[in-house]
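Undergrad: let's see this in three dimensions:
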Amino acid sequence: MHINRIFSLLFAGCILISFSIIFSACGQQTPPPAPTGFSAKAEIQFGEDSFVAEIAQTRPGALSFTFTAPENIAGFMLSLAGDNATLHFGSLQIELPANSLPVSNVAVLLNTVLLRMAQEQTHSEFTRTRDGHFVLQGTASNMPFHATIAQDGMLVQLEIPAIGLEIIVIS
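TA: Next up, the predicted model:
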């Protein structure tokens, strides 16, 4: 009689351990590869300033921001492609080396994080949140960041607290 009870407790313990291993493994999965091209609307909080921009990536390392709000910068566009940056406003276009932009430039930081996300997906584990998103913490331009990534690999939110930057993808 005692042997049956001990055997039952051991069996229940094995079941509990199995479930805990399965569920803990779910918390450390790797997200699907980041899309190589996307377009999204995002709200950007940079210190005391707020912006809305259409962000497009045509390939890794090629990123553009077209600002839609506030009204005084609506239509302003910044494009990055490799080592080149282009500023557009109406018919005005200025090309300059990307490294001439400050490292705290929102587009430069986002581009760095997106490239880092693509690299990290093959080299490290992401933390999984309860709502199914993935979280990557790292550094971009020597500044710690916190990126939340959806189940489809798209960026949901990026925070760089050192400079008061938060980007939230809204569509």
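Undergrad: so who does the nearest residue to Glu166 once chain neighbours are set aside touch?
TA: Excluding the flanking residues, the one nearest Glu166 by C-beta to C-beta, 6 or more residues apart in numbering is Gln45, at 4.5 Å. In this view, the C-beta of every residue, glycine as well, is placed from N, C-alpha and C. Applying C-beta atoms under 8 Å, 6 or more residues apart in numbering to Gln45 gives the contacts 164-168.
Undergrad: please name the bridge partners of the closest residue to Leu165 other than its chain neighbours.
TA: Distance criterion C-beta to C-beta, 6+ apart; nearest residue to Leu165, sequence neighbours excluded, is Phe46 at 5.3 Å. Beta-bridge pairing for Phe46 (DSSP bridges): Asp49, Leu165.
Undergrad: surely Phe46 touches Ile163?
TA: Yes - with contact defined as C-beta atoms under 8 Å, Phe46 reaches Ile163; the gap is 7.4 Å.
Undergrad: the more surrounded of those two?
TA: Each of Phe46 and Ile163 has its neighbours counted (other C-beta atoms under 10 Å); Phe46 has more, 17 against 13.
Undergrad: state the pLDDT value of the more buried one.
TA: Here the pLDDT value assigned to Phe46 is 91.
Undergrad: quick one, what contacts it?
TA: 106, 163-165.
Undergrad: partner residues bridging Thr139?
TA: Under the criterion used (DSSP bridges), Thr139 bridges to Pro144.
Undergrad: ignore what I typed, I meant Leu155.
TA: Assessed by DSSP bridges, Leu155 has beta-bridge partners Ile149.
Undergrad: against Phe89, how distant is it?
TA: 26 Å (C-beta to C-beta, to the nearest Å).
Undergrad: fine by me, we can end here.
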